[in-house]
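> Provided below are the primary sequence and the corresponding predicted coordinates.
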Amino acid sequence: MRSRLITILIVLTGMWGLLVARATFLQILPNDRLRALQKRQFETVVTLNPRRGDVLDRNNHELAISVPSYGLFADPKILAEPKKVARILAHELHIPMRSIEEKLRQRKKRFIWIGRQLSRAVRDSIDNLQIRGLGFIAESKRVYPNERLLSQVLGFVGGEGQGLEGLELKYNEQLQAETKKVSVHRDARGRPLIVNGQIFNQVPDGFDIQLTVDRELQFILEQELAGAVSEHEADSAVGVILDAETSEVLAMASSPTFDPNRASDFSLSRRRNRAITDSFEPGSTMKTFLIAGAMAKGLIEPNTKFDCERGSMRIGKRVIREAEAREKYEMLTVSEILMHSSNIGVTKIALELGDERVQEAMTLFGFGEKTGVDLPGEAKGIIQALPWHDHLLANISFGQGVTATPLQIANAYAAIANGGFLRQPYMVKAIRDHETGETTEIRPVTLRRVLSDEQVAKVKIMLNGVTSENGTGKGARVPGFPVAGKTGTAQKVNPERRGYISGGYISSFAGFLPTNDPKFVIYVAVDRPRRGYYGAAVAAPLFSRVAKFAVRRAGLAPVLINEDNFVPLARREIVPERPTHRPIEEFSQKKLNTEAEGGNVLSDQESDDVALEVVPDFTGLTLREVLGRLSGTGINVRMHGHGFVTKTSPAQGIRFAERKEFDVYLE
C-alpha cells in the first residue's frame, strides 16, 4: 500500500508540475496565437468618430459645433425577445420596427449599431428600460446653432460624421482629425462589459477653423436677399461681400437656403452655393472691364466721344439697340457711355479694341478661370474661343455670350477697388490646433496687377458717375458715402433649348464704397424677377440696403469729398482722334462735392460762394458737410441732434436774416 501511495503521489506531483509549467508558459511567455484567440473571444473593436473641430466667424462666433450625443448598440447573441425589443426601440427612435428587428436577429454578431447621435433624453429613456444586451457609447453630433445662416457655404456632415458639402467637405481632414478604435471587453459568456451602461469616448478634437465671414453681415445679406425674392417674385437671389483690400469673403449667400441640421429634407437646388457654382450671362456689369481694358491699351480716355447713332446700330444683318427705345443717344463720352449703360457705345469700343484684346481684358480680370476660393464645386465660367464675329463681339461687350459666377464678378470689381491688383478670394482666416495650441494664419494672395494707379483712379470716377443723379445706378447710393458701381440686366438663357427665356432676366449690381477709400465690394443678383426686372430698379436698391448696414457695422464716418481725401487724378492729354465732351479738369478735386441726396461725387455745384443769401438744400448731409458749404459766409450754425440733416431753419429757398442765424436739425 505504501508503494502504491508513493507511486500515486509521484504521478499526481508530476501532473501538477506539468500543469504549473503549462500555466507558467501560457501566462509568462508570449504567444501571438493565444493572444489573438483571447482578443477574439473576450474583446470587440468599435470605431468611433472624433469630435470635429468648431467653425467660427471672424469674431469667434460659433457657426458649426460638435455637442455630446450617444450611439446605441446591441449584442444580438444575448438579447432576449428581439421582436419585443425592436418594437420598443422603434417607438423610442422613430424608425421602422422591421429594420431594427432584422439587425437584432443576427445572432452570430456580437456588436451592431442600432442608432447614432441620439440625445441625452432618448438615451435616458432607453437606459431606464434596463434591457440586457443594449449599451451606449458617448460620441459627438454636428450642430449648426444658427440654423440656415451661411448654410450653403458651411455644407453639412453625413451620418458617420464626414463632411459632404461646403467647407465641411473642403476642410474635412483638418476638422475631423483621426478616427479612434475602442476595444470593448466581454465577460466569459461573451457579453460586453459596460460601466454604468456606457463606454465613454475620449477622442482628441479636430482643428478649429476661423472664417473671414462676419456673422452679422451674413445675416443682413441673407435677409435682404430673401426680401428681394419675395418683393419681386423672383426664383432666387445671390450676394457676395468682399473685403475691398484683401478679397476676404465677408459674406456669401443664396436665397432660398436650407437648414444643415436637416440637410436631407432639402433638395440639391436649395443646398447649392450659387455664388460659386452658377455661372450666367452677367449683362452690363461687364462693361466696366471692357472699358478698363481699352483704357489700359491707351485707346480711350474718360472724355473720348463715340457716336451712339440714336439708339440703333446695324452689324451685318443684325441690329444692336439700347435697352430702352427712348434712349436715342448721339455723341457720348466714355464716362457717359458707362453712366447711361449704352450698348452701342460699348459695342463701338469693343470693335475698336478687337476680339483678341477684349478676350485678353476679360481673362486679365479673372473671367474664364476659377478664382481659387477655398470651396468645393467652383465653376470657371465661359469665354468662347476666338475668333469672334462682330455681332458676337458686340454681345460680349455688354455681357451676353459670356458667363461668370457672382464671386468672379465681385472679385474683378475688388481689383479696381484695391488699386489694380487681382487677388485670390478666400474663406478661411486661421486654423487652430487644440493639441499644440498652434494657429496657422491665412494671408492674402495677389495673382497679378491689372491696372495702373492712374487707370484705377479714372475707372473709379466713371463708376461713381454711374450712381450720380443721371446714372443708371442712382438707386444704389448710400447717404454720406460715395458709391462706385454698375447695374446689370441680362436675359436669362433657356437651359432646355437655344435662346433666352421669354421675360426672363437676371438683375444685378456690382460696386464698392466709399469710392475714395473702398472698404467693401458688394455684388447682388436677382434671378428672374417678375415685378420689375432692370438692375437699376431691382438690384441697385438691394445693394444700397446691404451697403448701408455694412458701413454702419464697420463704424465708418460719413465722407466729405475734398482735395484731401479724393482719388488723385493725374492730368494727361485726351486722345486726339476724337472730340471731347467735357475737359477732364472739370472732374478735378476742387469741384468734387457730395450730392445732398446720396453723398455721391461729380456734382457741378460750387460750395465756396461767400455771398450766400438763400438757404441751399442741405437735406441728407452731415454736419461736417454743412459747415464745409457755409465756410467763409459768416453764417452762425446751431446744431440740434446727431446724424444727417432732416430740416433747417430757415428752410430751403428762404433768404437768410440779417444776423444770418441758421439752425440745423439732424437725426
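Everything's here; your move. Note that the coordinates shown come from a computational prediction; the quantities given were computed from them, not determined experimentally.

> ok, the residue nearest the centre of the chain to Ala275 distance?
Nearest to the centroid of the C-alpha atoms of the chain, with distances taken as C-alpha atoms, centre = their mean, sits Met252, at 1.9 Å. Separation of Met252 from Ala275 (C-beta to C-beta, to the nearest Å): 5 Å. In short, each C-beta sits where N, CA and C put it, glycine included.

> and for these two, which residues touch both?
152, 239-240, 407 (C-beta atoms under 8 Å, 6 or more residues apart in numbering).

> Which of these has the largest number of neighbours?
When neighbours are taken as other C-beta atoms under 10 Å, the top entry among those is Gly239 (31 neighbours).

> got the phi/psi numbers for it?
Dihedral pair for Gly239: phi -150, psi 150, per degrees, to the nearest 10.

> What of Lys380?
phi -100, psi 0.

> pLDDT score for it?
As predicted, Lys380 sits at a pLDDT of 95.

> Not counting sequence-adjacent ones, nearest residue to it?
Using C-beta to C-beta, 6 or more residues apart in numbering and skipping the chain neighbours, the partner closest in space to Lys380 is Lys370 (4.6 Å).

> can you tell me the helix or strand for the one you found?
Using DSSP states H and E, no element contains Lys370; it sits outside every helix and strand.

> same question, Ala253
strand 249-255.

> So which bits of the helix or strand following that strand are buried?
Note on strand 249-255: by DSSP H and E, the next helix or strand toward the C-terminus is helix 268-271. Within helix 268-271, the residues scored as buried using 16 or more other C-beta atoms under 10 Å are 270-271.

> Next: stretch 436-450.
So for stretch 436-450, counting by 16+ other C-beta under 10 Å, buried means 447, 450.

> And for stretch 134-148?
Buried-residue list, stretch 134-148, by 16+ other C-beta under 10 Å: 134-142, 144, 146, 148.

> One more: stretch 234-249?
234-249.

> Then stretch 83-94?
85-86, 88-90, 93.

> Identify all contacting residues around it.
Under C-beta under 8 Å, 6+ apart, the answer for stretch 83-94 is 72, 74, 79, 95-98, 100-101, 104, 114-115, 118, 122, 125-126, 129, 131, 133-134.

> Roughly how far does Gly206 sit from Glu435?
For Gly206 relative to Glu435 (C-beta to C-beta), the value is 10 Å.

> To clarify, my last question referred to Phe306.
64 Å.

> What of Leu364?
Distance from Leu364 to Glu435, by C-beta to C-beta: 44 Å.

> State the mean pLDDT of the helix ranked longest in the chain.
Taking DSSP state H as the criterion, the chain has its longest helix at helix 2-28. Mean pLDDT, helix 2-28: 80.

> Pull out the buried positions in that helix.
Of the residues in helix 2-28, none is buried (16+ other C-beta under 10 Å).

> Also stretch 647-666?
For stretch 647-666, the neighbour count (16+ other C-beta under 10 Å) marks 648, 656, 660, 662, 664, 666 as buried.

> do stretch 354-372 as well
Buried residues in stretch 354-372 (16+ other C-beta under 10 Å): 355, 357-359, 361-362, 364-368, 371.

> ok, of the residues you listed, which one's closest to Gln218?
Using C-beta to C-beta, Thr371 comes nearest to Gln218 of the buried residues of stretch 354-372, at 19.1 Å.

> Distance check, the closest one against Tyr413.
13 Å.

> circling back: so for Gly206 and Glu435, which sits in the more crowded spot?
For Gly206 and Glu435, the more surrounded residue by other C-beta under 10 Å is Gly206, and the numbers stand at 25 against 9.

> okay, and the helix or strand of this protein with the least pLDDT?
strand 198-199 (a mean of 46; mean pLDDT, DSSP states H and E).

> now Ala525, what's its secondary structure?
Put simply, Ala525 is strand when judged by DSSP: H, G, I helix; E, B strand; the rest coil.

> mind starting the numbering at 7 from now?
Happy to do that; since the first residue is 7 now, the last one works out to Ala531.

> Look up how far Leu231 lies from it.
In this view, Ala531 and Leu231 are 9 Å apart by C-beta to C-beta.

> Give me the common contacts of these two.
Going by C-beta under 8 Å, 6+ apart, residues that sit against Ala531 and also against Leu231 are 243-245.

> For stretch 477-485, which outside residues touch it?
290, 345-347, 471-474, 489, 491-493, 515, 517, 519, 541-543, 546-547, 549-550, 553-554, 557, 564, 603-606, 626, 650.

> Pick out whichever of the buried residues of stretch 653-672 sits closest to Ile448.
Nearest member of the buried residues of stretch 653-672 to Ile448, counting by C-beta to C-beta, is Leu672, at 41.9 Å.

> tell me the contacts of the spatially closest residue to that closest one that is not a sequence neighbour?
Leaving aside its chain neighbours, Leu672 sits nearest to Gly647 (4.2 Å; criterion: C-beta to C-beta, 6+ apart). Contact analysis of Gly647 by C-beta under 8 Å, 6+ apart lists 671-673.

> Next: Asp533.
Here Asp533 is in contact with 240-244, 498, 512 (C-beta under 8 Å, 6+ apart).

> can I get those in CSV with secondary structure, pLDDT and distance to Glu174?
Listed next are those as CSV, based on DSSP: H, G, I helix; E, B strand; the rest coil; pLDDT from 0 to 100; distance: C-beta to C-beta, whole Å:
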residue, secondary structure, pLDDT, distance to Glu174
Ala240, coil, 95, 28
Asp241, coil, 94, 27
Ser242, strand, 95, 23
Ala243, strand, 97, 24
Val244, strand, 97, 21
Lys498, strand, 88, 31
Ile512, strand, 95, 29
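
> circling back: filter the contacts of stretch 477-485 down to the buried ones.
290, 345-347, 471-474, 489, 491-493, 515, 517, 519, 541-543, 546-547, 549-550, 553-554, 557, 564, 603-606, 626, 650.

> Out of the residues you listed, list just those in strands.
491-493, 515, 517, 519 (DSSP state E).

> From these, pick the one nearest Glu447.
Of all these, Glu447 sits closest to Leu519, with 27.5 Å by C-beta to C-beta.

> got a pLDDT number for the spatially closest residue to the closest one that is not a sequence neighbour?
Residue nearest to Leu519 in three dimensions, not counting chain neighbours: Val489, with 4.6 Å by C-beta to C-beta, 6+ apart. For Val489, the pLDDT comes out at 95.

> Helices of the stretch 207-356 of the chain, residue ranges please.
221-237, 274-277, 280-283, 293-302, 340-346, 349-359 (DSSP state H, counting those that start in this stretch).

> of all those, which lies closest to Leu24?
Among the helices of the stretch 207-356 of the chain, if distance is taken as C-beta to C-beta, the winner is helix 274-277, at 70.3 Å.

> pLDDT on the closest one, on average?
Helix 274-277 shows a mean pLDDT of 92.

> So which residues make contact with it?
157-158, 162, 171, 262-264, 269.

> From those residues, pick the one nearest Ile389.
Of the contacts of helix 274-277, the one sitting nearest to Ile389 (C-beta to C-beta) turns out to be Gln158, at 25.8 Å.

> my guess is the closest one meets Asp284, correct?
No: counting by C-beta atoms under 8 Å, Gln158 sits too far from Asp284 to count as a contact (11.1 Å).

> Could you tell me which residues touch both of those two?
Arg278.

> Next up, the contacts around Glu333.
317, 346, 348.

> rerun at 10 Å
Counting by C-beta atoms under 10 Å, 6 or more residues apart in numbering, Glu333 touches 314, 316-317, 327, 346-350.

> Could you measure from Phe518 over to Ile512?
20 Å.

> which of these two has more neighbours?
Ile512 (30 against 25).

> distance of that one from Asp459?
Ile512 sits 33 Å away from Asp459, going by C-beta to C-beta.

> Could you do Phe225 as well?
In terms of C-beta to C-beta, Phe225 sits 36 Å off from Asp459.

> So for those two, which sits in the more crowded spot?
Shown here are Phe225 and Asp459; by other C-beta under 10 Å, Phe225 has more neighbours (16 against 12).

> Skipping adjacent residues, who's closest to the more buried one in space?
Nearest one to Phe225, counting by C-beta to C-beta, 6+ apart, is Leu155 at 6.2 Å.
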